[in-house]
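*Asks:* What would the 3D arrangement of this be:
(one chain, ligands or ions: 2)
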Amino acid sequence: MAYDFDLLVIGAGSGGVRCARVAAGYGARVAVVESRHWGGTCVNLGCVPKKLMVQASEFGDMVTDSHGFGWNTTPGTHDWPTLIAAKDREITRLNGIYVSMLEKAGVTLLTGHARFVDGHTLRIEPSELAPSATPHTVTAERIVIATGSTPFKPDFTGVELAITSDEAFHLPQRPQRVVLMGSGYIGVEFAGIFAGLGSRVDLVYRRDLPLRGFDEDMRTALSEAIAVRGITQHRHTNPVKLERDGADLVLALDDGKSLRADCVFLATGRRPKIDNLGLENTQVVTVENGRIQVDEGSETAHAGIYAIGDVTDRINLTPVAIAEGHTLADRLFGTAPPRQWCYATTPKAVFFSPPVASVGLTETEAAQNGTVDIYIARFTPMRHTLGGRRDRKTVMKLVVDQASQKVVGVHILGDDAPEMLQAVAVAVTAGLTKADFDRTIGIHPTSAEELVTMRTRTRETLKTG
Ligand SMILES: Cc1cc2nc3c(=O)[nH]c(=O)nc-3n(C[C@H](O)[C@H](O)[C@H](O)COP(=O)(O)OP(=O)(O)OC[C@H]3O[C@@H](n4cnc5c(N)ncnc54)[C@H](O)[C@@H]3O)c2cc1C
Ligand SMILES: NC(=O)c1ccc[n+]([C@@H]2O[C@H](COP(=O)([O-])OP(=O)(O)OC[C@H]3O[C@@H](n4cnc5c(N)ncnc54)[C@H](O)[C@@H]3O)[C@@H](O)[C@H]2O)c1
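*Replies:* Ligands and ions are numbered 1, 2, ... in the order given. This next block holds a predicted model:
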């Protein structure tokens with residue numbers, strides 16, 4: 001049977017765009033369908049606008065700190081609508097770049113909401129990006145689901161009064177008092193953004209420390225850094241009820257406290273986006289929380305239908321979605337063997353101020369495999385000596401497998417941690433040893449030189465597994 005395309009990709013986000021471009025580069029006839037925004041979550045409602053807002057939130061402190069270096073500057077006031085408008089202009093520019101990259105690669109761009117009719121046919125219906133599109137069908141030999149994820153809202157009374165990250169990027173004014181619920185990536189990052197811009201921030205979470213899954217020492221250091229930024233943490237607590245009281249929102253917690261705010265922001269995780277996708281017309285299998293089940297080659301239970309990125313809920317980060325999309329296109333249409341990525345050493349960064357960055361195993365994880373040597377450095381970075389923020393510490397940690405002496409984990413909280421960690425991730429991926437770190441000459445004066453000058457072991461942690 002002749003299909004309209006060799007490959008149809010649903011979703012022009014991080015994974016879908018890379019998959020479509022690479023497949024078209026191999027000469028395949030490719031189309032991508034997008035319902036909402038070119039570039040997907042990362043460009044429009046994720047990494048990019050978030051990082052611009054983190055950067056915006058850091059200038060206030062910098063102006064104050066410059067006094068210690070002799071500047072006679074006066075902290076100004078921040079204009080939120082100006083920031084949002086500037087951010088939106090940049091995103092519109094990036095949307096255009098995504099469209100032209102796809103067009104230059106020879107990919108056919110389709111706008112609308114895609115829905116499976118059968119394993120080779122999609123119905124394209126009007127959507128936010130194409131409200132007046134004429135419904136039609138397209139066929140392809142293979143179809144890739146790259147539809148991403150969407151914010152999850154827990155169930156409690158009044159939850160409809162709360163916002164999520166989707167709305168936070170377009171608030172008309174900055175709220176003076178924000179309650180953030182959830183201390184994962186988004187909760188911690190937006191707590192830093194709003195605090196840096198001058199809002200009073202309450203961070204509410206269920207556990208004893210933020211950032212579940214990260215190394216315990218980093219979680220402790222981050223919790224201290226959050227306190228230093230003037231953010232109030234409410235631990236071991238869940239929301240019970242949210243209601244309006246005049247201009248205020250009042251959030252009741254299950255520990256009996258109630259918090260008043262202008263804005264209650266849920267950062268309580270995301271779920272795969274599979275609504276109205278017509279999966280019932282295929283043999284695609286979804287499991288807990290709607291995650292599409294795939295094999296190692298990203299193929300679903302329906303032969304010829306694949307899924308990549310957040311919709312598969314593996315490692316939900318942009319570079320991983322891109323890697324999955326690239327590999328899939330290589331495998332389906334390429335001539336050389338696909339690149340083998342090392343997902344086990346996927347670096348992670350949480351853009352608080354100061355940020356946290358991490359690669360490899362935590363101390364707890366590594367100790368399950370064998371006894372580990374732990375090296376920790378804690379210091380005030382040079383900028384904060386004259387700048388006057390001596391309580392703004394940097395913490396660095398190396399986790400070394402004692403038997404092999406390989407550095408199996410590196411964790412940093414401190415200014416520029418993500419920039420340092422990207423380079424260190426190469427060393428951890430390569431399986432380098434503590435001796436390799438030790439024989440590397442440092443760059444002075446930097447914070448990063450601590451990574452190659454940690455001579456004295458802080459402790460030994462015995463094998464637990
Ligand atoms: C606030 C926030 C900050 C983040 N910050 C970072 C960060 O700093 N670093 C990082 O690595 N990751 C970050 N992430 C995660 C990152 O954005 C995602 O992991 C990444 O975008 C996933 O890519 P994807 O291709 O799977 O999906 P997406 O980028 O979400 O793309 C999916 C696309 O599919 C479209 N779509 C969905 N359904 C249909 C349909 N039926 N028909 C047509 N089109 C459809 C959507 O409109 C969307 O454009 C952040 C996420 C959020 C929410
Ligand atoms: N810098 C980055 O790379 C970056 C930034 C933002 C988002 N992301 C990606 O997006 C994903 C989603 O981010 P996120 O912060 O929403 O999720 P998350 O999984 O990182 O954190 C979710 C938080 O919500 C809490 N929570 C979950 N259900 C709850 C409930 N019913 N009641 C109260 N609290 C609840 C969890 O305990 C946790 O603290 C991340 O896991 C990550 O993959 C990455």
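*Asks:* Count the residues that sit near the one residue in the stretch 101-250 of the chain that gets nearest to ligand 1.
*Replies:* At 2.2 Å from ligand 1, residue 148 is the closest residue in the stretch 101-250 of the chain, using C-beta to the nearest ligand atom. In this view, the C-beta of every residue, glycine as well, is placed from N, C-alpha and C. By the criterion of other C-beta atoms under 10 Å, residue 148 has 26 neighbours.
*Asks:* next one: residue 47
*Replies:* Neighbours of residue 47 using other C-beta under 10 Å come to 16.
*Asks:* can you list the residues of the chain near ligand 1?
*Replies:* Applying C-beta under 6 Å from any ligand atom, we find that the chain lies next to ligand 1 at 10-16, 33-37, 40-42, 45-47, 50, 113-114, 146-148, 165, 186, 273, 277, 309-311, 316-319, 321.
*Asks:* Show only the entries of those residues found in strands.
*Replies:* Judged by DSSP state E, those include 10, 33, 34, 113, 114 as members of strands.
*Asks:* List the residues that contact the residue of the chain found nearest ligand 2.
*Replies:* Residue of the chain nearest ligand 2, by C-beta to the nearest ligand atom: residue 184 (1.9 Å). Listed by C-beta atoms under 8 Å, 6 or more residues apart in numbering, the contact set of residue 184 reads 210, 211, 212, 267, 269.
*Asks:* show me what contacts residue 171?
*Replies:* 80, 84, 163, 263.
*Asks:* Could you do residue 320 as well?
*Replies:* With C-beta under 8 Å, 6+ apart, residue 320 has these contacts: 309, 314, 343, 346.
*Asks:* what about it, distance to residue 397?
*Replies:* 23 Å (C-beta to C-beta, to the nearest Å).
*Asks:* now residue 142
*Replies:* Distance, residue 142 to residue 397, using C-beta to C-beta: 44 Å.
*Asks:* With residue 104 instead?
*Replies:* Relative to residue 397, and taking C-beta to C-beta, residue 104 is found at 44 Å.
*Asks:* now swap in residue 158 and tell me
*Replies:* Counting by C-beta to C-beta, the gap from residue 158 to residue 397 is 41 Å.
*Asks:* residues near residue 128, how many?
*Replies:* Neighbours of residue 128 (other C-beta under 10 Å): 12.
*Asks:* if I read this right, it contacts residue 35, doesn't it?
*Replies:* Yes: between residue 128 and residue 35 there is a contact at 6.4 Å, judged by C-beta atoms under 8 Å.
*Asks:* quick one: low-confidence parts of the stretch 1-150 of the chain?
*Replies:* Scanning the stretch 1-150 of the chain for pLDDT under 70 picks out 1.
*Asks:* can you pull out the helices in it?
*Replies:* In the stretch 1-150 of the chain, helices defined by DSSP state H, counting those that start in this stretch lie at 14-25, 40-45, 47-65, 80-104, listed in chain order.
*Asks:* residues in contact with the residue nearest to the spatial centre of the chain?
*Replies:* The centroid of the chain falls nearest to residue 317 when counting by C-alpha atoms, centre = their mean (5.2 Å). Taking C-beta under 8 Å, 6+ apart, we find residue 317 in contact with 346, 348.
*Asks:* how close does it sit to residue 414?
*Replies:* Distance from residue 317 to residue 414, by C-beta to C-beta: 21 Å.
*Asks:* For stretch 338-347, what is the distance to the chain centroid?
*Replies:* Averaged C-alpha coordinates place stretch 338-347 at 17 Å from its chain's average position (C-alpha atoms, centre = their mean, to the nearest Å).
*Asks:* again, but for stretch 166-181
*Replies:* 19 Å.
*Asks:* what about that stretch, how long is it end to end?
*Replies:* Terminal residues of stretch 166-181 lie 15 Å apart, using C-alpha to C-alpha, to the nearest Å.
*Asks:* What is the neighbour count of the residue lying closest to residue 185 once chain neighbours are set aside?
*Replies:* Of all residues beyond its chain neighbours, the one nearest residue 185 is residue 350 (5.4 Å), with distances taken as C-beta to C-beta, 6 or more residues apart in numbering. The tally of other residues near residue 350 (other C-beta under 10 Å) stands at 23.
*Asks:* Around ligand 2, pick out the residues from the stretch 251-400 of the chain.
*Replies:* Residues of the stretch 251-400 of the chain lying near ligand 2 (C-beta under 6 Å from any ligand atom): 267, 268, 269, 270, 316, 317, 349, 350, 351.
*Asks:* Among those residues, which ones are in strands?
*Replies:* Using DSSP E, these in strands are 270, 349, 350.
*Asks:* mind putting these in CSV, pLDDT included?
*Replies:* Below are these laid out as CSV (pLDDT from 0 to 100):
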residue, pLDDT
270, 98
349, 98
350, 98
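*Asks:* The helix or strand containing residue 357 - contacts with which helices or strands?
*Replies:* Assignment of secondary structure by DSSP states H and E places residue 357 within strand 356-360. With contacts taken as 3 or more C-beta pairs under 8 Å, 6 or more residues apart in numbering; DSSP states H and E, strand 356-360 sits against helix 216-228, strand 348-350, strand 407-413, helix 417-429.
*Asks:* Verify the assumption that residue 338 is located in a helix.
*Replies:* No: under DSSP: H, G, I helix; E, B strand; the rest coil, residue 338 falls outside any helix and is assigned coil.
*Asks:* I figured residue 383 hits residue 415, correct?
*Replies:* Yes: here residue 383 reaches residue 415: they are 6.9 Å apart, a contact under C-beta under 8 Å.
*Asks:* returning to what we had before: deepest of the helices of the stretch 1-150 of the chain, which one?
*Replies:* helix 14-25 (a mean of 27; mean count of other C-beta atoms under 10 Å).
*Asks:* Going by contacts, tell me the helices and strands next to that helix.
*Replies:* strand 5-10, strand 30-34, helix 40-45, helix 80-104, helix 318-333.
*Asks:* same thing but at 6 Å, please
*Replies:* strand 5-10, strand 30-34, helix 318-333 (3 or more C-beta pairs under 6 Å, 6 or more residues apart in numbering; DSSP states H and E).
*Asks:* Would you map the helices across the stretch 251-400 of the chain?
*Replies:* 318-333, 363-369, 383-387.
*Asks:* Including mean pLDDT, could the ones you listed go into CSV?
*Replies:* Shown next, in CSV, are those (pLDDT from 0 to 100):
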stretch, mean pLDDT
helix 318-333, 97
helix 363-369, 98
helix 383-387, 96
